[in-house]
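Undergrad: Pasting the sequence and the predicted coordinates here, then a few questions.
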Amino acid sequence: MRIRFLSGPRKGETTHAPTNQNTQLLVDAGLAEVVPPEPLPPATVGWAVKFDTYGAPMLVGNCSRGCGFFRFLGRPDLAHKNYFQHSCGAMPVPIPAEVIEQYRKAYGEATPSATGDDTKLVNARAISNTIDRNADAQFERIYGRSRRW
């Protein structure tokens, strides 16, 4: 809590004080008064269309109070169904139509590159097939017949 001293060498000074018996004693004795907290500025959401590291577009929103981050990666025709949900207590905010239109243009013109994970999945499938072929060949060399599954 914030208090303002009303007398003594620190008269007129405002400071932070713990919420405990000592502070309450100062307030009750009339040596200090509690300063009410300043009201929060109105919450506004800043919207933008950005691209991730692979070139895919995404629609993002940030609260001016720093309460959260919104990211939409879906089809543009579904964007109007999503709202920025504040965690600071402000009401949900829909995505503005002009931002959805910017996202629609970026979504249509985007040519995302393949991710590194795509290559890893292809390689993982190829490796397992190679291991199976090698095991089959080794089985035939040892036992003179193919493996039966």
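TA: Arrived safely, thanks for sending. Note that the coordinates shown come from a computational prediction; the quantities given were computed from them, not determined experimentally. Numbering: from 1, shown residues only.

Undergrad: Give me the pLDDT for residue 129.
TA: Residue 129 carries a pLDDT score of 79 in this model.

Undergrad: right, I mislabeled it, should have said residue 56
TA: pLDDT for residue 56: 84.

Undergrad: next one: the one 3 residues further on
TA: pLDDT recorded at residue 59 is 93.

Undergrad: Just give me the neighbour total for residue 68.
TA: Residue 68 is flanked by 14 other residues according to other CB atoms under 10 Å. To be clear about C-beta, it is placed using only N, CA and C from the backbone, and glycine gets the same treatment.

Undergrad: That one: what's its closest spatial neighbour, skipping adjacent residues?
TA: Excluding the flanking residues, the one nearest residue 68 by CB to CB, 6 or more residues apart in numbering is residue 87, at 5.1 Å.

Undergrad: what's the longest helix in this protein?
TA: For the chain, the longest helix by residue count, based on DSSP state H, is helix 116-143.

Undergrad: Give the buried residues for that helix.
TA: Residues of helix 116-143 include none that count as buried (16 or more other CB atoms under 10 Å).

Undergrad: Could you give the bridge partners of the closest residue to residue 14 other than its chain neighbours?
TA: Counting by CB to CB, 6+ apart, residue 14 lies nearest to residue 4, which is 4.7 Å off, once chain neighbours are set aside. With DSSP bridges as the criterion, residue 4 is bridged to residue 14, residue 33.
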